[in-house]
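The following comprises the amino acid sequence and a computationally predicted model.
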Amino acid sequence: MSKRYLKRVRNISPESSHNGYMLNYKMVMSLKGPNFIEPAFANICFEKNAKVEGVVHELAEADLDRIVASVGETYELIEAPVTFKNKTVLAKTLRCKKSTTEEFPASKRYMKILIAAAIENKLSSDYVKFLKNKKSVYYPVLSEMFAIRVYFWVKIRAR
């Protein structure tokens, strides 16, 4: 999640944010969505010699609790080694409880959020390209209507 997204949608201001990465994990679109309009969401899974990039946010415990509550019961909070600022620490992250490497296309709406966050946070160009190459789906009108519903659902759960 980008710092701007956390503030705008979830009303959370991290104490600090840093680009980082996790070795031996990869990002997959393996969490099945609720319907054909939002068919999949991001997850991480173990894969030897893989690397997933992202942003490490220092959050208040109450803010982390709100994020966990807003993503639902499908995800679990885990601790994993994350490298940033030339050091590796155990950090908390979310992972789907039912981890799989099988990939599904995500919505164009969801991929735009991930790509914009990667660019905003200056993740590597290779990682942005990796995200842009993910398969996505878009259904005119239906996708737009569902995007509005998802926005308010997240905003309400993040209170």
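Here it is on my side, so go on.

Please, where are all the helices along this structure?
Per DSSP state H, the chain carries helices over the ranges 3-10, 61-71, 108-120, 125-132, 142-157.

Give me the angle between the third one and helix 125-132.
If I follow you right, that is helix 108-120. Put simply, helix 108-120 runs at 170 degrees to helix 125-132, going by axes from the mean of the first three to the mean of the last three CA atoms, to 10 degrees.

Could you pull out the buried residues of helix 108-120?
109-111, 113-115, 117-118 (16 or more other CB atoms under 10 Å). To be clear about C-beta, it is placed using only N, CA and C from the backbone, and glycine gets the same treatment.

where does Lys98 land on pLDDT?
On pLDDT, Lys98 comes in at 77.

With Ser16 instead?
85.

Find me whatever residue is spatially closest to it, sequence neighbours aside.
Take Ser16 and drop its neighbours on the chain: the residue closest to it by CB to CB, 6 or more residues apart in numbering is Glu58, 4.6 Å away.

Run a quick neighbour tally on Asn86.
Neighbours of Asn86 under the rule other CB atoms under 10 Å: 5.

Quick check: the gap between it and Ala50.
Using CB to CB, to the nearest Å, Asn86 is found at 20 Å from Ala50.

and if you look at Asp126?
Taken as CB to CB, the span from Asp126 to Ala50 is 13 Å.
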